[in-house]
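**Q** A structural model of the following input is requested.
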Amino acid sequence: MFPIGDDNTDVTIVPFVNYIFIGINILVFVFLQQLGSNESFTYGYSLVPQEITTGVDLSGAQVVRDSMGNTGQIQHYSTPLPVYFNFISSMFMHGDIAHIFGNMLFLFVFGDNLENLLGHIRFAAFYLVCGIAAALAQIMMDPNSVIPMLGASGAISGVLGGYILLFPQRKVRAIIFHFLTTVPAFVALGIWIAYQVILGFMTPAGGGGVAYAAHIGGFIAGVALIKVFALGREV
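**A** Residues are numbered from 1 along each chain as shown. Just a heads-up that it's a prediction; the model follows:
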């Protein structure tokens with residue numbers, strides 16, 4: 001499911017927090033990660049489950065083993081800040097251009113509607129809380145993993161969870177199964193979360209690649225928390 005737009009006729013504010021989040025992600029990827037080539041920054045400020053569960057900042061080559069028993073190495077870099085800061089820093093980093101493009105497109109399409117309803121400050125808090133919840137979900141799946149986690153996907157999954165609960169009938173223009181169509185949000189985002197759940201069950205704990213548990217955890221957090229953050233707002 002690839003969204004390209006939605007109905008924004010009721011948006012009455014400039015969603016500058018959403019734009020700021022998109023801008024920070026792009027600036028970090030281009031100038032600090034240097035389009036992914038700056039490994040010392042990328043690996044130093046990514047979130048590593050074992051660092052969180054032990055409080056120890058890993059440094060040097062770390063051995064990883066996949067589900068087939070094959071081994072490899074990941075180079076870790078220490079950071080001057082506590083490892084828990086990486087809950088935030090990892091939300092604003094990406095693995096490659098396709099990763100950041102997909103995430104920023106989802107945020108651009110769906111984030112403005114939530115910010116319009118919640119207001120700027122509540123939307124910012126909601127986004128960050130969902131991102132932290134997503135990271136915790138991934139850590140719970142494999143607390144001893146030394147594989148770095150990075151990306152805005154968990155926080156954006158929270159935005160999608162909030163969106164589908166508040167705007168289930170909102171029309172979304174999307175490419176679904178190679179067709180350009182307009183469908184209600186619950187259909188478009190329902191396909192997306194179903195895909196995450198299926199792939200999550202198919203992906204063994206400890207494997208690298210996409211952190212599906214973070215996507216699912218962020219989505220659940222968004223669904224569970226959006227009404228709390230929307231208290232006093234017209235829904």
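**Q** CA only for contacts and neighbour counts going forward, please
**A** OK.
**Q** And the strands in the chain?
**A** Secondary structure of the chain (DSSP state E): strands located at 2-6, 60-65, 71-76, 171-176, 179-184.
**Q** Ok, which of the ones you listed comes nearest P82?
**A** For the strands of the chain, the distance to P82 is smallest for strand 71-76, at 14.8 Å, taking Cα to Cα.
**Q** Show the contacting residues for the spatially most central residue of the chain.
**A** Central residue of the chain (Cα atoms, centre = their mean): S153, 1.8 Å from the mean position. Going by Cα atoms under 8 Å, 6 or more residues apart in numbering, S153 touches M91, N103, G131, A214, H215.
**Q** What's the ChimeraX line that selects buried ones from those residues?
**A** If you want just the buried ones from those in ChimeraX, going by 16 or more other Cα atoms under 10 Å, the selection is:
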select :91,103,131,214,215
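**Q** Any chance of the contacts of S153 in JSON lines with distance to V48 and pLDDT as columns?
**A** Formatted as JSON lines, the contacts of S153 follow (distance: Cα to Cα, whole Å; pLDDT from 0 to 100):
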{"residue": "M91", "distance to V48": "13", "pLDDT": "98"}
{"residue": "N103", "distance to V48": "21", "pLDDT": "96"}
{"residue": "G131", "distance to V48": "15", "pLDDT": "98"}
{"residue": "A214", "distance to V48": "13", "pLDDT": "94"}
{"residue": "H215", "distance to V48": "16", "pLDDT": "95"}
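**Q** just curious, which of the contacts of S153 is nearest to D10?
**A** Taking the contacts of S153 together and measuring to D10 by Cα to Cα, the closest member is N103, at 23.5 Å.
**Q** how much space is there between the residue nearest to the centre of the chain and I139?
**A** In this view, S153 and I139 are 15 Å apart by Cα to Cα, to the nearest Å.
**Q** Could you do V63 as well?
**A** Distance, V63 to I139, by Cα to Cα: 18 Å.
**Q** Equivalent analysis for Y163, please.
**A** 25 Å.
**Q** go on, A185?
**A** Taken as Cα to Cα, the span from A185 to I139 is 29 Å.
**Q** Compare V63 and I139 (neighbour count), which wins?
**A** Under the neighbour definition other Cα atoms under 10 Å, V63 and I139 were set side by side, and I139 has more, 22 against 12.
**Q** which residues touch that one?
**A** Contacts of I139 by Cα under 8 Å, 6+ apart are P49, S145.
**Q** Tell me the spacing between it and D57.
**A** 16 Å.
**Q** Count the residues that sit near F31.
**A** F31: 11 neighbours (other Cα under 10 Å).
**Q** Quick check: pLDDT value at it.
**A** With respect to pLDDT, F31 scores 98.
**Q** so how far is F41 from it?
**A** In terms of Cα to Cα, F31 sits 11 Å off from F41.
**Q** before we move on, the earlier item: need the contacts of S153 in TSV (columns: distance to L47).
**A** Converted to TSV, the contacts of S153 look like this (distance: Cα to Cα, whole Å):
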residue	distance to L47
M91	9
N103	18
G131	12
A214	12
H215	15
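**Q** Pretty sure T42 is one of the things N86 touches, is it not?
**A** No: counting by Cα atoms under 8 Å, T42 is not a contact partner of N86; they are 10.7 Å apart.
**Q** neighbour-wise, which of the two wins?
**A** Neighbours were counted for N86 and for T42 using other Cα under 10 Å; T42 has more, 27 against 22.
**Q** got a list of what that one touches?
**A** T42 sits next to Q33, G36, M93 when contact means Cα under 8 Å, 6+ apart.
**Q** How much space separates the first one from M202?
**A** In this structure, Q33 and M202 are separated by 30 Å, where distance is defined by Cα to Cα.
**Q** Likewise for the last one?
**A** Counting by Cα to Cα, the gap between M93 and M202 amounts to 25 Å.
**Q** Nice, that's everything, thank you.
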